[in-house]
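Visitor: quick one: sequence and predicted model below, then my questions.
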Amino acid sequence: MIAADILEEERKAGISDPQNVAYPMLAQNLRARRDNIRVSIAILESRLEKRSTEWPRAA
């Protein structure tokens, strides 16, 4: 959903280059949010993987 919102903002502005000074502020914020969510997911998956290898297996 976030990716679709980013594309919509870019479409409305006619600018898809985040380096452009006229790039929509909302699209910039959505990109940052999306990137933060991806990092959070990766961290949580890493923690889950680590814990699953530390738990003793049932015999």
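Guide: Yes, it's here. Numbering: from 1, shown residues only.
Visitor: which pLDDT value belongs to Pro56?
Guide: The score at Pro56 is 67. That number is its pLDDT.
Visitor: what residues sit buried inside the lengthiest helix in the chain?
Guide: When the chain is parsed with DSSP state H, its longest helix is helix 25-54. With burial defined by 16 or more other C-beta atoms under 10 Å, the residues of helix 25-54 counted as buried are 27, 30-31. Quick note: C-beta positions are derived from backbone N, CA and C, even for glycine.
Visitor: list the helices and strands that helix packs on?
Guide: When contacts are defined as 3 or more C-beta pairs under 8 Å, 6 or more residues apart in numbering; DSSP states H and E, helix 25-54 sits against helix 2-13.
Visitor: where does Val21 sit: helix, strand or coil?
Guide: Per DSSP: H, G, I helix; E, B strand; the rest coil, the secondary structure class of Val21 is coil.
Visitor: CSV for the buried residues of helix 25-54, including distance to Glu8 and pLDDT?
Guide: Putting the buried residues of helix 25-54 into CSV (distance: C-beta to C-beta, whole Å; pLDDT from 0 to 100) gives the following:
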residue, distance to Glu8, pLDDT
Ala27, 9, 98
Leu30, 10, 98
Arg31, 13, 98
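Visitor: where in this structure is pLDDT low?
Guide: Counting by pLDDT under 70, the chain shows low-confidence ranges at 55-59.
Visitor: that's all I had, so thanks and see you.
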